[in-house]
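Visitor: Provided below are the primary sequence and the corresponding predicted coordinates.
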Amino acid sequence: MGLDERLQAVGRRQLELLEELQRARRELIDIRGRTLMKVAELEEHERQAAELYQEASEQQEPDAEAIREWPQRARRRVEELETAVAELTEAERKLAARIAGAELDIEDFQVLAPQLLARAAAVRTAGIGREVFDTLNDALNYVEYALQAAQPIDPNGPVRRSEPDGEKRARLV
């Protein structure tokens with residue numbers, strides 16, 4: 001797998017994780033909404049139970065004492081659910097911050113990916129260029145060695161000779 005494919009795979013995985021975070025946030029908001037609805041129902045139940053107890057007390061019914069506990073139980077349950085709503089709200093706030101951070105990370109990665117590809121291409125090009133330069137340098141060194149080996153060693157310098165067609169032209173051997 002090449003660098004481009006790996007970067008694309010990372011980008012896809014980042015988007016998948018962002019979708020999971022957003023889905024979790026939507027679920028959390030839905031749960032918080034349902035819990036708030038339950039709180040409202042319990043508060044209404046508490047109000048009705050308090051009215052029922054008040055009526056039973058005024059009429060001195062024998063089961064008035066049993067009814068007296070209903071609003072208290074409903075109130076305890078409302079308080080528990082309100083605590084849960086506060087925790088859900090805090091969790092949703094943290095999740096929203098995490099989503100915002102993930103979106104920034106994805107944006108940064110999308111900007112960085114082409115730069116990474118360009119740098120990798122530059123490194124490859126530099127490596128190939130260096131290899132070509134080294135090969136040419138080796139070839140030039142070989143040519144120089146070959147020329148040096150082919151030259152006669154004459155303490156008087158190079159020999160001049162004339163052309164066979166009668167033209168007089170100096171030529172180095």
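Guide: Cool, the structure landed.
Visitor: Apart from its neighbours in sequence, what residue is nearest residue 75?
Guide: Nearest residue to residue 75, sequence neighbours excluded (Cβ to Cβ, 6 or more residues apart in numbering): residue 46, at 5.6 Å. All C-beta spots, glycine's among them, are computed from the backbone N, C-alpha and C.
Visitor: Give me the distance between that neighbour and residue 78.
Guide: Noted for residue 46: a distance of 6 Å to residue 78, by Cβ to Cβ, to the nearest Å.
Visitor: How about residue 36?
Guide: 11 Å.
Visitor: how about low-confidence regions in the protein?
Guide: 1, 150-173 (pLDDT under 70).
Visitor: max-length helix in it?
Guide: If you go by DSSP state H, the chain has its longest helix at helix 64-150.
Visitor: hmm, back to that, is it correct that the residue nearest to residue 75 falls within a strand?
Guide: No - counting by DSSP: H, G, I helix; E, B strand; the rest coil, residue 46 falls outside a strand, being helix.
Visitor: Verify the stated contact: it with residue 76.
Guide: No - no contact is recorded between residue 46 and residue 76 when judged using Cβ atoms under 8 Å, the distance being 9.8 Å.
Visitor: more neighbours, those two?
Guide: Shown here are residue 46 and residue 76; by other Cβ atoms under 10 Å, residue 46 has more neighbours (19 against 12).
Visitor: check contacts around the more buried one.
Guide: 70, 71, 74, 75, 78 (Cβ atoms under 8 Å, 6 or more residues apart in numbering).
Visitor: Serialize those to CSV and add fields for distance to residue 51 and neighbour count.
Guide: Conversion of the contacts of residue 46 to CSV gives the following (distance: Cβ to Cβ, whole Å; neighbours: other Cβ atoms under 10 Å):
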residue, distance to residue 51, neighbour count
70, 11, 16
71, 9, 19
74, 12, 20
75, 14, 16
78, 16, 18
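Visitor: Arrange those in CSV, one row each, with distance to residue 86 as further columns.
Guide: Formatted as CSV, the contacts of residue 46 follow (distance: Cβ to Cβ, whole Å):
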residue, distance to residue 86
70, 25
71, 22
74, 19
75, 17
78, 13
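Visitor: tell me which of the residues you listed is nearest to residue 25?
Guide: residue 78 (25.5 Å; Cβ to Cβ).
Visitor: so who does that closest one touch?
Guide: Applying Cβ under 8 Å, 6+ apart, the residues near residue 78 are 39, 42, 43, 46.
Visitor: Cheers, nothing more for now.
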